[in-house]
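Participant: Dropping the sequence and predicted coords here.
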Amino acid sequence: MNYRHAFHAGNFADLAKHAALGLLVRHLAEKPKGFCVLDTHAGLGEYDLLADAASRTGEWQGGIGRVFGAGEPPASLAPYLDAVNALNSDGVLRWYPGSPRLIKSLLRPQDRLIACELHPQDAATLQRTFARERGVEIRAQDGYQALASLWPPRERRGLALIDPPFERTDEFAALEEALRGAHRRFATGTLAAWYPIKGRAPVDAFLAAVGDGRIRRVSVAEFMRQPPDDPKRFNGSGLVIVNAPWQFDEKLRTAWEWCAAALEIAGGIRIETLVGE
């Protein structure tokens, strides 16, 4: 599977992932001490939904297009939707915040973002987008290598978002190894690892490996557009979260249930503890 961000910006999986990300970053900002967010596979930072890549797939119409300006969303969606609204202040949906823009919208002067992107053109665009913004460091670097060299952050408070494109045939194994290494180096840091769901077998094998007890405080959250009965389709997506904050599961459930109703998804949601304390 090739999951280059520009073609899928604002789709149902982005919606679910970014709702969760907004909650995680907002929680870090509740304490006065500064923190760092490491975004290992950052993409462009912002996306024009009318540009060729997003227009070619039209996936955003079944994601943020169904949610933008709809009804009264719960407070738990505010960190995410506030970032969307800030890019579309005229009330017309055109621009979508990727994870770097969403994260930056929630940072304070004492916080910082390290955004890594290996694709040369995307890294250059990311650099231009944030060139004049304080507290943001852009690295044209492999995300897994960045996680190995930059984690833990000097603040000893932080979140690492690991969001690979799943171009490698061994991506689940690489993701598991990255989680284990990051946890060994910084056992109290928060980790959020994204994965696509086509068939269940590789996902369940990955979750079984991560949930073997060597890492504690592991949660799993999955947002399913449809049941995974056809492994050739992109049926859903999930997040493995290590050291989720208190009440995160409840807040995310409220946010996702509202989104699931707005998108009329058929596969349902799953949010549960994989490994306890």
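Facilitator: Noted; the coordinates are in hand. Residues are numbered from 1 along each chain as shown.

Participant: mind checking pLDDT for residue 53?
Facilitator: pLDDT for residue 53: 84.

Participant: distance of it from residue 164?
Facilitator: Relative to residue 164, residue 53 is positioned 19 Å away (Cβ to Cβ, to the nearest Å). Backbone N, C-alpha and C define where each C-beta goes, glycine included.

Participant: Next: residue 24.
Facilitator: 18 Å.

Participant: So the two - more neighbours on which side?
Facilitator: Ranked by neighbour count (other Cβ atoms under 10 Å), residue 24 and residue 164 place residue 24 first, with 24 against 21.

Participant: Beyond the one helix or strand the more buried one maps to, next helix or strand please.
Facilitator: Secondary structure assigned from DSSP states H and E places residue 24 in helix 12-28. For helix 12-28, the succeeding helix or strand toward the C-terminus, using DSSP H and E, is strand 36-39.

Participant: Check which residues of that following strand are buried.
Facilitator: For strand 36-39, burial by neighbour count (16 or more other Cβ atoms under 10 Å) applies to 36, 37, 38, 39.

Participant: and which of the residues you listed is nearest residue 72?
Facilitator: Residue 72 has its nearest neighbour among those in residue 37, at 28.8 Å by Cβ to Cβ.

Participant: wait, what's in contact with the closest one?
Facilitator: 25, 28, 103, 107, 111, 112, 113, 114, 158, 159, 160, 161 (Cβ atoms under 8 Å, 6 or more residues apart in numbering).

Participant: Of those, which pair is most distant in space?
Facilitator: Using Cβ to Cβ for every pair in the contacts of residue 37, the one that comes out farthest apart is 107 and 160, at 15.2 Å.

Participant: Widest-spaced pair of the buried residues of strand 36-39?
Facilitator: Farthest pair in the buried residues of strand 36-39, by Cβ to Cβ: 36 and 39, 10.4 Å.

Participant: Common neighbours of those two, please.
Facilitator: Shared contacts of residue 36 and residue 39, counting by Cβ under 8 Å, 6+ apart, come down to 113, 114.

Participant: residue ranges with poor pLDDT in the protein?
Facilitator: Scanning the chain for pLDDT under 70 picks out the ranges 1-4.

Participant: And the residue located most distally from the centre of it, how far from residue 47?
Facilitator: Ranked by distance from the centre of the chain (Cα atoms, centre = their mean), the top residue is residue 90, with 26.0 Å. In this view, residue 90 and residue 47 are 17 Å apart by Cβ to Cβ.

Participant: How about residue 182?
Facilitator: Residue 182 is 27 Å from residue 47, where distance means Cβ to Cβ.

Participant: do residue 178 as well
Facilitator: From residue 178 to residue 47 the distance is 25 Å (Cβ to Cβ).

Participant: Compare those two (neighbour count), which wins?
Facilitator: With neighbours defined as other Cβ under 10 Å, residue 178 and residue 47 compare such that residue 47 has more, 25 against 22.

Participant: Specify the local secondary structure of the more buried one.
Facilitator: Classification of residue 47 using DSSP: H, G, I helix; E, B strand; the rest coil returns strand.

Participant: what sits against it?
Facilitator: Here residue 47 is in contact with 5, 6, 9, 10, 53, 54, 95, 96, 97, 98 (Cβ under 8 Å, 6+ apart).

Participant: can you do 10 Å?
Facilitator: 5-10, 14, 53-54, 60, 87, 94-98, 101 (Cβ atoms under 10 Å, 6 or more residues apart in numbering).

Participant: Please narrow those residues to those residing in strands.
Facilitator: 95, 96, 97 (DSSP state E).

Participant: now the last one, nearest residue through space, not along the chain?
Facilitator: Among residues not flanking residue 97 along the chain, residue 83 sits closest, at 4.5 Å (Cβ to Cβ, 6 or more residues apart in numbering).

Participant: list the buried ones in stretch 16-33?
Facilitator: 16-28.
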